[in-house]
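> Okay, structure incoming, though there's no sequence with it:
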């Protein structure tokens, strides 16, 4: 019996069995209530904001994304349309950002009126998908020149997959995007319990690395941690459309956390359309639920768990200078190259993202890379199946 590629992706993305049918989709999206989304939507829905999703493409046939997806571009295989999605990852991420809820039956995005610019950075074949860093670099520059305000990168490449030349080009692309006023967010990775490698682009100066928290707003063990983590968002027990079959499945990952953080940024930006990415990020950092112990930024949740309602509903947070990225001074001399302590340590215990009183009010995170390893062989029922795993923050 041969397992299909799409079925294999369920395990790669950390997906669990579909949630019980008796539970409504709205109930499964626990983080929306925690963040007081309904109240925020009375003020801001992300209208007027475009989020560039650098991923596997976006399937425009998804009911939740009807009329929301722009033309975009495939930066790895230019002859192919970015509005298709071979494995569903980019589509799932886009739903978490801007899904319309599909009449209450589907995923509701945190910024339901935002638009999605799909930029494909992962190839659909073994040959085109071996190294997607060049595609990522080109996609960042494409997004920087587009009308998109937010660049969502629910992906993570461990330091050993990015050579010195690529790292330099990647940083220059990030610098260019920041100079154009964009806000860049990337998943920290999902290998926190094993290698805990430094990952890019989360570790690039000017990019906000996002780790994941669970429903108790505690940092997840799977999230990569270190000085490259800026914020945390919900990333565990997050419903997404199942891969290779009908229905919706629970999932986990810093990919999901990054998407939810991008949705939060869209709500804030839509309320303050004259701000730029530096200012939106600064407010997100100032209003985040701070760690209850240890230094700030924390290795696990950075400056804290996102709480967009503090700005959307209460106007808290100072935007500060539009010309200064709040991360560049903090990261000066930071993780531009791996060190043994950063890439391998997992010493302290995960920290809570906020105090008990704050936990009732919100903050989420989620996103994590999928490690696609060539040559993995699955043996089931006497059949062999060869599949390719790529680095993705799911």
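On my side now, so go ahead. Nothing here was measured: the structure is a model prediction, and the numbers come from that model.
> ok, which stretches of the stretch 51-200 of the chain are helices?
Counting by DSSP state H, counting those that start in this stretch, the segments of the stretch 51-200 of the chain that form helices are 89-98, 126-129, 133-144, 164-179.
> Going by mean pLDDT, which of those helices comes out lowest?
Comparing mean pLDDT across these, the weakest is helix 126-129, with a mean of 63.
> State the distance from the residue positioned nearest the centre of the chain to residue 320.
Nearest to the mean C-alpha position of the chain, counting by Cα atoms, centre = their mean, stands residue 258 at 2.3 Å. According to Cβ to Cβ, to the nearest Å, residue 258 and residue 320 sit 23 Å apart. Glycine gets a C-beta too; all of them are placed from N, C-alpha and C.
> for residue 254, same thing?
27 Å.
> coming back round to it: so where does the residue nearest to the centre of the chain fall, helix or strand?
Using DSSP states H and E, residue 258 sits in helix 254-271.
> That helix to helix 89-98, inter-axis angle?
40 degrees (axes from the mean of the first three to the mean of the last three Cα atoms, to 10 degrees).
> what helices or strands is the next helix or strand after helix 254-271 leaning on?
Of the helices and strands lying after helix 254-271 in sequence (DSSP H and E), the nearest is helix 277-287. Here helix 277-287 touches strand 183-187, strand 229-234, helix 254-271, helix 309-312, going by 3 or more Cβ pairs under 8 Å, 6 or more residues apart in numbering; DSSP states H and E.
> Next up, the contacts around residue 316.
By Cβ atoms under 8 Å, 6 or more residues apart in numbering, the contact list for residue 316 reads 283, 286-287, 310.
> ok so, going back, so residue 254 and residue 320 - more neighbours on which side?
Neighbours were counted for residue 254 and for residue 320 using other Cβ atoms under 10 Å; residue 254 has more, 39 against 15.
> Same list, the helices and strands packed on helix 277-287, but as a markdown table with distance to residue 95 please.
Converted to a markdown table, those look like this (distance: least, Cβ to Cβ, whole Å):
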| stretch | distance to residue 95 |
| --- | --- |
| strand 183-187 | 16 |
| strand 229-234 | 14 |
| helix 254-271 | 8 |
| helix 309-312 | 21 |
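> and of these, who's closest to residue 51?
Checking these against residue 51 by Cβ to Cβ gives helix 254-271 as the closest, at 5.4 Å.
> Just the buried residues of that closest one, please?
254-271 (16 or more other Cβ atoms under 10 Å).
> lowest-confidence helix or strand of this protein?
strand 383-387 (a mean of 25; mean pLDDT, DSSP states H and E).
> Identify the spatial nearest neighbour of residue 209, chain neighbours not counted.
residue 202 (3.3 Å; Cβ to Cβ, 6 or more residues apart in numbering).
> Tell me how far residue 174 lies from residue 182.
9 Å.
> Report how many residues lie close to residue 87.
Counted with other Cβ under 10 Å, residue 87 comes out at 25.
> My guess is it contacts residue 56. True?
Yes: using Cβ atoms under 8 Å, residue 87 is in contact with residue 56, at 5.4 Å.
> Who are the contact partners of residue 204?
170-171, 174, 186.
> do that again at 6 Å, thanks
Residue 204 makes contacts with 171, 174, as judged by Cβ atoms under 6 Å, 6 or more residues apart in numbering.
> which of the helices of the stretch 51-200 of the chain is buried the deepest?
helix 89-98 (a mean of 32; mean count of other Cβ atoms under 10 Å).
> and it with strand 229-234, angle?
Using the same axes, to 10 degrees: helix 89-98 against strand 229-234 is 80 degrees.
> So what touches helix 89-98?
Contacts of helix 89-98 (Cβ under 6 Å, 6+ apart): 51, 53, 55-59, 62, 64-65, 68, 85, 107, 109, 111, 114, 116, 154, 240-241, 259-260, 262-263, 392.
> Figure out how far stretch 275-288 is from the centre of its chain.
17 Å (Cα atoms, centre = their mean, to the nearest Å).
> Just the mean pLDDT for that stretch, thanks.
In the prediction, stretch 275-288 has an average pLDDT of 98.
> now do stretch 188-200
Rounded mean pLDDT across stretch 188-200 is 98.
> which of the residues in that stretch are buried?
For stretch 188-200, by 16+ other Cβ under 10 Å, it's 188-192, 196-200.
> okay, among the residues you listed, which ones form the most distant pair?
192 and 200 (16.2 Å).
> Low-confidence stretches in this protein?
Along the chain, the parts satisfying pLDDT under 70 run over 1-22, 126-131, 330-394.
> Enumerate every residue touching residue 275.
So residue 275 contacts residue 319 (Cβ under 6 Å, 6+ apart).
> thinking again about what came up before, wait, which of the helices and strands packed on helix 277-287 is closest to residue 31?
Proximity to residue 31, assessed across those by Cβ to Cβ, is greatest for strand 229-234 (3.9 Å).
> Quick one: list the elements packing against that closest one.
strand 208-213, helix 254-271 (3 or more Cβ pairs under 6 Å, 6 or more residues apart in numbering; DSSP states H and E).
> Next, format these as JSON lines and append distance to residue 74.
As requested, the helices and strands packed on strand 229-234 are arranged in JSON lines below (distance: least, Cβ to Cβ, whole Å):
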{"stretch": "strand 208-213", "distance to residue 74": "25"}
{"stretch": "helix 254-271", "distance to residue 74": "19"}
